[in-house]
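A.B. asks: Generate a structure from the sequence data that follows.
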Amino acid sequence: MKKVVYVMSAIWLGFLLSFLIHAGLEISYIGYAAKRGIILTPYLNSACFLPPWLSIGLVFVGLAGGAALGFWWWDIIYVKKRRWKK
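C.D. replies: Numbers count the residues shown, from 1 in each chain. All right, here's what the predicted structure looks like:
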């Protein structure tokens, strides 16, 4: 049960980080378009100007990266018992 909570927390962290990366990419893309006078239209009547494949891909990369990170941290902390030395 502890491992499930640990890995799910890391997945949640990856999910949240994917939204921060998405926001950063979108802000820089809007700035790029504004400097060059490009008119942007949102995709699929949403508020997002990035292509849908990129938006969805970032979410899946965040989830997969969070899962990998959770299992890797679990292995380091609980299996190999490596911790900070005081």
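
A.B. asks: Skipping its backbone neighbours, what lies nearest the residue nearest the centre of the chain in space?
C.D. replies: The centroid of the chain falls nearest to Ser18 when counting by C-alpha atoms, centre = their mean (1.8 Å). Spatial nearest neighbour of Ser18, chain neighbours left out: Gly62 (2.6 Å); criterion: C-beta to C-beta, 6 or more residues apart in numbering. Where C-beta positions appear, they are placed from N, C-alpha and C, glycine not excepted.

A.B. asks: I'd like to know how many residues surround the nearest residue to Leu44 once chain neighbours are set aside.
C.D. replies: Closest residue in space to Leu44, ignoring its immediate chain neighbours: Pro52 at 6.4 Å, by C-beta to C-beta, 6+ apart. By the criterion of other C-beta atoms under 10 Å, Pro52 has 11 neighbours.

A.B. asks: ok, which stretches of the protein are helices?
C.D. replies: 2-36, 52-74 (DSSP state H).

A.B. asks: Give me whichever of those is most buried.
C.D. replies: Mean neighbour count (mean count of other C-beta atoms under 10 Å) peaks for helix 52-74 among the helices of the chain, with a mean of 15.
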